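In: need coordinates for the following:
(one chain, ligands or ions: 1)
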Amino acid sequence: MSFSSLGLSESILNAVSQKGYTEPSPIQKEGIPAVLSGKDVMAAAQTGTGKTAAFTLPILSMFEKGINNQGQQQNTKAKPNHVKALILTPTRELAAQIADNISFYGKHTDIKTQVVFGGVKINPQMMKLRKGVDILVATPGRLMDLYQQNAVKFTQLEILVLDEADRMLDMGFIHDIKKILALLPKKRQNLLFSATFSDDIRALAKRIVNNPVEISVNPKNSTAKAVEQVLIPVDKAKKNALLSHLIQKNNWQQVLVFCRTKHGADRLAKHLNKKNISASAIHGNKSQGARTRALSEFKSNDIQVLAATDIAARGIDISELPQIVNFDLPNVAEDYVHRIGRTGRAGASGHAYSFATIEDKKPISDIQSLIGEVIPREIIKGFEPSEKLQDIPLKALKAKRPKKNKMA
Ligand code: AMP
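Out: This is a model prediction of the structure:
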């Protein structure tokens, strides 16, 4: 199947082909016609599935043509300070990436896009909104600040996208989202994307989508098949040395390492730099400039290691990462699925290594229970743990697995 059969406009198809995409991904095959039909959409899709293009391409195409496939008008120009489509997303990095994608896909059109997020000055963002914007990408907190300052108005809003809805709830944006929903016109098209569909997300969805087209491209909470997972039992005190050993022995050039705390990420980056392994930390205490710099140096292979907390790493678009390391296992089992989703994307196989100490029995059992498989173990010579980490059989855990999700 090619992009041209999906109903997108010519100029959008041109940009897609310039980007080098030859075939729509599964979420795009189902999502693009659904969005173009003017219906609400609820999609279970992780980062890496091509979900951004699944909602941005049809929105651009509808705005360009001034009409959707149902014949509904979408052709009014955005008045000063008004927005026609609002894309809400949890992190600054993700917001910037989505806006970059829209600028690329929309480069043969005159559709106006802007991005606003916290952590930087608000005044330049207020200026950018003055003339009106067709598509605004925003993080919820900054959007509310801008609204309170009368910099953004929603009476012309036609389309709302909630991207990474599960993470927005995890990050405590529910109050901002509810406030924003109350400000929007009742008649609008709603698109909701989430990696997982927990009961909380379903409750939120009820308030947002009407009779949606439901799309699921990956079964809930299942890990990507192309990712080879390994659990490495090790003593806590030897984790640093184990990581530098693995990097040097395997000559890893690009590895994303997940740490539980900001402080831990900083400490690890420092340790690696001392060992002549170039590394940076990325987390919420870093300035926006430092985060963007670290990410771009990592992407361009100027640094080998990016030590990240879950929130900072969420949604960053690094395709086909060969390996990730869970230096610390996550407290929340779902984060494991998100983390290993950073590797083995778009058909390329990847490796996810998880360091496990004697204190990690609970997170391991939660993760295995969630993904429904026992993660194979490997002891690294020279780093044998002083106390054996007991096997955690899956059989006993299967009974505890969460209820099967309707969308899976
Ligand atoms: P996303 O899931 O939106 O974060 O996209 C993940 C990556 O896949 C991004 O680097 C996109 O540029 C890329 N991508 C999206 N759609 C396609 C496609 N149809 N063919 C190849 N790559 C794609």
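
In: which ones are touching the closest residue to the ligand within the stretch 101-250 of the chain?
Out: Nearest residue of the stretch 101-250 of the chain to the ligand: Asn101, at 6.9 Å (CB to the nearest ligand atom). Backbone N, C-alpha and C define where each C-beta goes, glycine included. Listed by CB atoms under 8 Å, 6 or more residues apart in numbering, the contact set of Asn101 reads 52-53, 56.

In: how many neighbours does Ile371 have?
Out: 19 (other CB atoms under 10 Å).

In: repeat for the one 3 residues further on
Out: Per other CB under 10 Å, the neighbour tally for Val374 reads 16.

In: go on, the one 10 residues further on?
Out: Neighbourhood size, Glu384 [other CB under 10 Å]: 12.

In: my read is the residue of the stretch 101-250 of the chain closest to the ligand is in a helix, agree?
Out: Yes: counting by DSSP: H, G, I helix; E, B strand; the rest coil, Asn101 is located in a helix.

In: if I look at it, how far off is Val137?
Out: 9 Å (CB to CB, to the nearest Å).

In: and the stretch 1-150 of the chain, which residues reach the ligand?
Out: 21, 23-25, 28, 47-53 (CB under 6 Å from any ligand atom).

In: determine which two of the residues you listed are furthest apart.
Out: Glu23 and Thr47 (19.2 Å; CB to CB).

In: which of the two has more neighbours?
Out: Under the neighbour definition other CB under 10 Å, Glu23 and Thr47 were set side by side, and Thr47 has more, 24 against 9.

In: hang on, that one is in a strand, isn't it?
Out: No: using three-state DSSP, the assignment for Thr47 is coil, not a strand.

In: where does it fall, phi/psi-wise?
Out: Thr47 has phi and psi values of phi -60, psi 140 when expressed as degrees, to the nearest 10.

In: surely it and Thr343 touch.
Out: No: Thr47 is beyond contact range of Thr343, at 11.8 Å (criterion: CB atoms under 8 Å).

In: need the overlap of contacts for the two.
Out: By CB under 8 Å, 6+ apart, no residue touches both Thr47 and Thr343.

In: rewinding a little: and the residues of the stretch 1-150 of the chain next to the ligand, which of them are in helices?
Out: Among these, the residues falling in helices (DSSP state H) are 28, 51-53.

In: confidence score at the residue of the stretch 101-250 of the chain closest to the ligand?
Out: The model reports Asn101 with a pLDDT of 96.

In: let me know the closest of the ones in helices among the residues of the stretch 1-150 of the chain next to the ligand to the ligand.
Out: Thr52 (3.1 Å).

In: pLDDT at that closest one, what is it?
Out: Here the pLDDT value assigned to Thr52 is 95.

In: report the contact partners of it.
Out: Thr52 makes contact with 97-98, 101, 163, according to CB under 8 Å, 6+ apart.

In: okay if I get these as TSV plus distance to Gln254?
Out: Formatted as TSV, the contacts of Thr52 follow (distance: CB to CB, whole Å):
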residue	distance to Gln254
Gln97	18
Ile98	23
Asn101	22
Asp163	26
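
In: which two of the residues you listed have the greatest separation?
Out: The span of these, defined through CB to CB, is set by Asn101 and Asp163 at 11.5 Å.

In: show me where the stretch 251-400 of the chain has strands.
Out: 255-258, 279-282, 305-308, 323-326, 350-356 (DSSP state E, counting those that start in this stretch).

In: give me the nearest residue to Ser280, chain neighbours excluded.
Out: If the residues on either side of it in the chain are set aside, Ser280 comes closest to Ala294, at 3.9 Å by CB to CB, 6 or more residues apart in numbering.

In: in stretch 303-311, what counts as buried?
Out: By neighbour count with 16 or more other CB atoms under 10 Å, stretch 303-311 contains the buried residues 303-311.

In: returning to what we had before: buried ones among the residues of the stretch 1-150 of the chain next to the ligand?
Out: 21, 24-25, 28, 47-53.

In: what is the burial count for the closest residue to Ala352 other than its chain neighbours?
Out: With sequence-adjacent residues excluded and distances taken as CB to CB, 6+ apart, Ala352 is closest to Ile340, at 4.0 Å. By the criterion of other CB under 10 Å, Ile340 has 25 neighbours.

In: next one: Asp145
Out: 17.

In: so what's the closest residue to Gln288 other than its chain neighbours up against?
Out: Spatial nearest neighbour of Gln288, chain neighbours left out: Gly119 (4.6 Å); criterion: CB to CB, 6+ apart. Neighbouring residues of Gly119 by CB under 8 Å, 6+ apart: 92, 287-288.

In: what is the burial count for the closest residue to Lys112 other than its chain neighbours?
Out: The shortest distance from Lys112 to any non-neighbouring residue, by CB to CB, 6+ apart, is to Asp134 (4.8 Å). Asp134 is flanked by 25 other residues according to other CB under 10 Å.

In: who are the packing partners of the host helix or strand of Asp134?
Out: According to DSSP states H and E, Asp134 maps onto strand 133-138. When contacts are defined as 3 or more CB pairs under 8 Å, 6 or more residues apart in numbering; DSSP states H and E, strand 133-138 sits against helix 51-65, strand 83-88, helix 92-105, strand 113-116.

In: list the buried residues for that strand?
Out: 133-138.

In: between those, which sits nearest Ala269?
Out: Using CB to CB, Val137 is the member of the buried residues of strand 133-138 that lies nearest Ala269, at 29.3 Å.

In: contacting residues for the closest one?
Out: So Val137 contacts 87, 89, 95, 98-99, 102, 113-116 (CB under 8 Å, 6+ apart).

In: most neighbours, which of the residues you listed?
Out: Thr89 (30 neighbours).

In: skipping adjacent residues, who's closest to that residue in space?
Out: Nearest non-adjacent residue to Thr89 (CB to CB, 6+ apart): Asp163, at 4.3 Å.

In: residue ranges in the stretch 51-200 of the chain under the pLDDT threshold?
Out: 67-75 (pLDDT under 70).
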